[in-house]
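Novice: I would like the atomic coordinates for the input below:
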Amino acid sequence: MKTVLHVEQLSGGYSPKRAIIHDLNMDIKEGEMIGLIGVNGAGKSTTIKHILGLMTPHRGVVTINGTTLEEDVELYRSSYTYVPETPILFDELTVEEHLRLTAMAYGVPQEQFSQRAEQLLERFHMTKKRKAISAHLSKGMKQKVMIMSALLAKPSLFIIDEPFLGLDPLGIRSLLEDLVEVKHAGSAILMSSHILSTVEHYCDRFMMLDQGRIVAQGTLQDMLQQASQHSQQNVTTLEDAFYAMLNGGEA
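Specialist: From the prediction side, this is the model:
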């Protein structure tokens, strides 16, 4: 399978004199969902910001579909879509206008846009809100608009940071079903989440960060085995593995 995201020996931080993440290596292939997990302050957001090109690495390389940000800014940025933890929308645009803006930015054909937009509005129970301006939406509804926009674009790589915050149970189920769909269609997904009991059932592999370093990675079975060896106990869930590896660190 083709490697979509390649991260090699990535180190960086907000200050050129102090690294927050250290020597990270990661590959995500087509049709693969990776769960990025760790306590608050472990380096998850910093890692994501480097992948997005919002921060300059101290050292290391990040490529999407074999291209770095420096080689082709437009191609690099058009290859991914990002759903942040806190939704960011234009206050005076409606839900439908946000979707249309996304379609224009990613070159989605009109016919495909119309069909896909209707499907997403219905699936996320936002049909009645299509003409509502974002300033009048709840946080959960704003999050739905961000997620619908990402799913509409269907890029090579989805980068999703804490997607379940603010979503109702129906929204969470709709998101997970759509992520499975785009994964089967060949997109790669990097998802950061504290809801371990949920991501355990959907991610193909996991990467656990602690103090900016990878402390465990692999399939669920790999994670359980590493945690069992670390704690010398029989670990049976991702949540138990998390606490075993991080000594009960506050999530």
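
Novice: for the protein, which spans come out with low pLDDT?
Specialist: Within the chain, the segments meeting pLDDT under 70 span 247-251.

Novice: run the last query once more with 90
Specialist: Scanning the chain for pLDDT under 90 picks out the ranges 1, 15-17, 85-86, 111, 139, 153-154, 162-175, 230-233, 246-251.

Novice: spatially speaking, which residue is in the middle of it?
Specialist: With the centre of the chain defined as its mean C-alpha position, the nearest residue by CA atoms, centre = their mean is Ile160, 2.1 Å away.

Novice: and that one, what does it touch?
Specialist: Counting by CB atoms under 8 Å, 6 or more residues apart in numbering, Ile160 touches 82-83, 150, 179, 189-192. (C-beta placed from N, C-alpha, C; glycine too.)

Novice: how far does whatever helix or strand it lives in sit from its chain's centre?
Specialist: Following DSSP states H and E, one finds Ile160 within strand 157-161. Distance of strand 157-161 from its chain centroid, counting by CA atoms, centre = their mean, to the nearest Å, is 3 Å.

Novice: got the contact list for Met191?
Specialist: With CB under 8 Å, 6+ apart, Met191 has these contacts: 33-36, 158, 160-161, 163, 179, 199, 203.

Novice: rerun at 7 Å
Specialist: Taking CB atoms under 7 Å, 6 or more residues apart in numbering, we find Met191 in contact with 33, 35-36, 160, 163, 199, 203.

Novice: what does Ala132 give?
Specialist: 94-95.

Novice: that one and Gln232, how far apart?
Specialist: As judged by CB to CB, to the nearest Å, Ala132 and Gln232 stand 55 Å apart.

Novice: Val39 too?
Specialist: 22 Å.

Novice: looking at the two, which is more packed in?
Specialist: Val39 (18 against 8; other CB atoms under 10 Å).

Novice: all strands of the stretch 1-150 of the chain, in order?
Specialist: 3-12, 21-29, 33-37, 59-64, 80-83 (DSSP state E, counting those that start in this stretch).

Novice: the third one: partners in the sheet, and parallel or antiparallel?
Specialist: Going back to what we said before, that points to strand 33-37. strand 188-192 (parallel), strand 205-210 (parallel) (DSSP bridges).

Novice: now the longest one
Specialist: For strand 3-12, the pairing partners within the sheet under DSSP bridges are strand 21-29 (antiparallel), strand 59-64 (antiparallel).

Novice: any idea how far it is from the chain center?
Specialist: 15 Å.

Novice: for Leu121, which non-adjacent residue is spatially closest?
Specialist: Thr127 (4.6 Å; CB to CB, 6 or more residues apart in numbering).

Novice: okay if I get the strands paired with strand 33-37 as a markdown table plus distance to Gly43?
Specialist: Output for those, formatted as a markdown table (distance: least, CB to CB, whole Å):
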| stretch | distance to Gly43 |
| --- | --- |
| strand 188-192 | 11 |
| strand 205-210 | 5 |
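
Novice: just say which of those strands is most tucked in.
Specialist: Among those, strand 188-192 has the highest mean neighbour count (mean count of other CB atoms under 10 Å), at a mean of 24.

Novice: can I get it in CSV, CA atoms only?
Specialist: Only the C-alpha atoms of strand 188-192 are listed here, as CSV (Å, rounded to 0.1, in the frame of the first residue of the first chain):
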residue,chain,number,x,y,z
ALA,A,188,-5.4,7.8,5.5
ILE,A,189,-6.6,9.1,8.9
LEU,A,190,-4.6,10.5,11.9
MET,A,191,-6.9,10.9,14.8
SER,A,192,-6.0,12.3,18.3
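
Novice: no further queries at this time; thank you.
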